[in-house]
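Undergrad: Fold the stuff below for me.
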Amino acid sequence: MPQNQGANWLFSRAFLFSVPVLLLQIYVTAFEREGLLLASGNVVGRDFVNYWVGGSNALKGLAESLFVFENYLVLLREAFGSGINNHNWSYPPHFLLLAAPFGAMPYLLGLFCWSVAGMLCYLTACLRKAWRLDDFLILALAPACMSALFAGQNGLFTAALLLGGLRLGAKRPVLAGICFGLLTIKPQLGLLLPFALLASRQWTVIASACITAAAAICLSGLVFGFETWWLYVTETWPFQTEIMKNGPGLYYMMATVFMSLRVFGMDPDMALLAHLPFTLMAVGVVIWAFSQKHNRALQQVILIGATFVATPYGFYYDMPVMAFAALLLARHLEETGRPVQVYLLPVTVWLLPSFGEPMSMFFLPLGPLFTLSFLGLAVHALYLANQPAKRNAVPAPIAQQA
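TA: Next comes the predicted model:
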């Protein structure tokens, strides 16, 4: 029997629980629509409309209109009609550098290319020599990946940037920094990276990331106008913050402490205050983990898990990177001979995007419980892994490929 048969067997059985949700998504997309417009008022590919409208209008010289909600709605309805649900542009201007090529295509072709490109980038970033075809199926069919695809979201691209940066850091620190610099298109997913890189003294990666982020900001200003950055800070950012704090439909779509408290009706400012200790704890855990000199794979798992504990805003469709971390942790636990009951937890976290939202809608927001437990298990695994190695500790960059 292959060494990794047990974990893969569990992941494959877990996938069966996500099949009903997947079939429902396929049915709604295929049949509950008139043209591109679904019965829900969204368009096929849902949030991809933002990238397509944003990219296509940026190419027309209308980038500034994206960052003012009322102007954006005019562009949205011109493209898809008055029956479409409201959307808003929520991204910094350098996100348009990614969106513009897809906005140059017809909508459905752009959606197809966006989905394929995202999956290819993600699986490439996940690549490990020891993994087989079934490992990649576990990653590609993870509920978080399916959620990102059906929502037309960017979770596969951001996962590729975060994983790529972590795994290139040892041998190609400049490329790692480029990945991290580009991840600023969704800054909440890089919230803990500065602490990790400083703790591990990855100076070249830090410099490369800073230069890349600055270059992307300048390039977007030159291409789309620096006024877009002023509008992003003064219009888009406050508007999006208000939506995140008080948009009830979003509470169920995130596995964070803040959003779970909002499900129970807690005031948003009090919920953020209650969330703060978890953020500080996650920062401390990452600094400790990235100060260690052994088992870089577990350090990556800890950073990824801690990110979804630290950020108040982490959607289920942002969690393809957690699917990778779950598989990596399950593999470690299996290889170290831990009982099967232990690596049921990473399997459950892999499955979380398929049941987290409906459970929150029934006032059972269990997402934070699973992410916190996952982080605790990874920290414990790293602690145990370091015990026999203390005598022969050899300094090594933490971001080296697992």
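
Undergrad: got the contact list for Asn246?
TA: Pro268 (CB atoms under 8 Å, 6 or more residues apart in numbering). In this view, the C-beta of every residue, glycine as well, is placed from N, C-alpha and C.

Undergrad: what's the answer for Leu198, then?
TA: Leu198 neighbours (CB under 8 Å, 6+ apart): Ile206.

Undergrad: Show the model's pLDDT score for it.
TA: At Leu198, the pLDDT value in this model is 96.

Undergrad: could you point out which element follows whichever strand or helix holds it?
TA: In the assignment (DSSP states H and E), Leu198 maps to helix 193-199. Remark: after helix 193-199, the chain's next helix or strand is helix 203-224, criterion DSSP H and E.

Undergrad: List the buried residues of that next one.
TA: Residues of helix 203-224 classed as buried under the neighbour-count rule (16 or more other CB atoms under 10 Å) are 204-206, 208-209, 212-213, 216-217, 220-221, 223-224.

Undergrad: ok, so of the residues you listed, who is nearest Val116?
TA: Ala216 (23.6 Å; CB to CB).

Undergrad: got a pLDDT number for the closest one?
TA: Reported pLDDT for Ala216: 97.

Undergrad: quick one: it and Phe180 touch, right?
TA: No. Shown here, Ala216 and Phe180 do not form a contact pair, counting by CB atoms under 8 Å, at 11.5 Å.

Undergrad: that older thread, can you redo the buried residues of helix 203-224 as JSON lines with distance to Ala104?
TA: Below are these laid out as JSON lines (distance: CB to CB, whole Å):
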{"residue": "Thr204", "distance to Ala104": "35"}
{"residue": "Val205", "distance to Ala104": "33"}
{"residue": "Ile206", "distance to Ala104": "34"}
{"residue": "Ser208", "distance to Ala104": "29"}
{"residue": "Ala209", "distance to Ala104": "28"}
{"residue": "Thr212", "distance to Ala104": "24"}
{"residue": "Ala213", "distance to Ala104": "25"}
{"residue": "Ala216", "distance to Ala104": "19"}
{"residue": "Ile217", "distance to Ala104": "22"}
{"residue": "Ser220", "distance to Ala104": "17"}
{"residue": "Gly221", "distance to Ala104": "20"}
{"residue": "Val223", "distance to Ala104": "14"}
{"residue": "Phe224", "distance to Ala104": "14"}
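
Undergrad: Local confidence estimate at Pro187?
TA: 92.

Undergrad: Next, the contact list for it, please.
TA: Pro92.

Undergrad: any idea how far it lies from Leu162?
TA: According to CB to CB, to the nearest Å, Pro187 stands 12 Å off from Leu162.

Undergrad: which residues are in contact with both of these two?
TA: Residues touching both Pro187 and Leu162 (CB under 8 Å, 6+ apart): none.

Undergrad: ok so, going back, out of the buried residues of helix 203-224, the closest to Ser56 would be?
TA: Phe224 (12.8 Å).

Undergrad: what's near enough to touch that closest one?
TA: Ala58, Ala63, Pro93, Leu96.

Undergrad: For the residues you listed, pick the one with the most neighbours.
TA: Neighbour counts for those (other CB atoms under 10 Å) peak at Pro93, which has 30 neighbours.

Undergrad: I figured it hits Cys218, correct?
TA: No. Counting by CB under 8 Å, Cys218 is not a contact partner of Pro93; they are 10.7 Å apart.

Undergrad: what's the closest of the contacts of Phe224 to Tyr313?
TA: Pro93 (19.4 Å).
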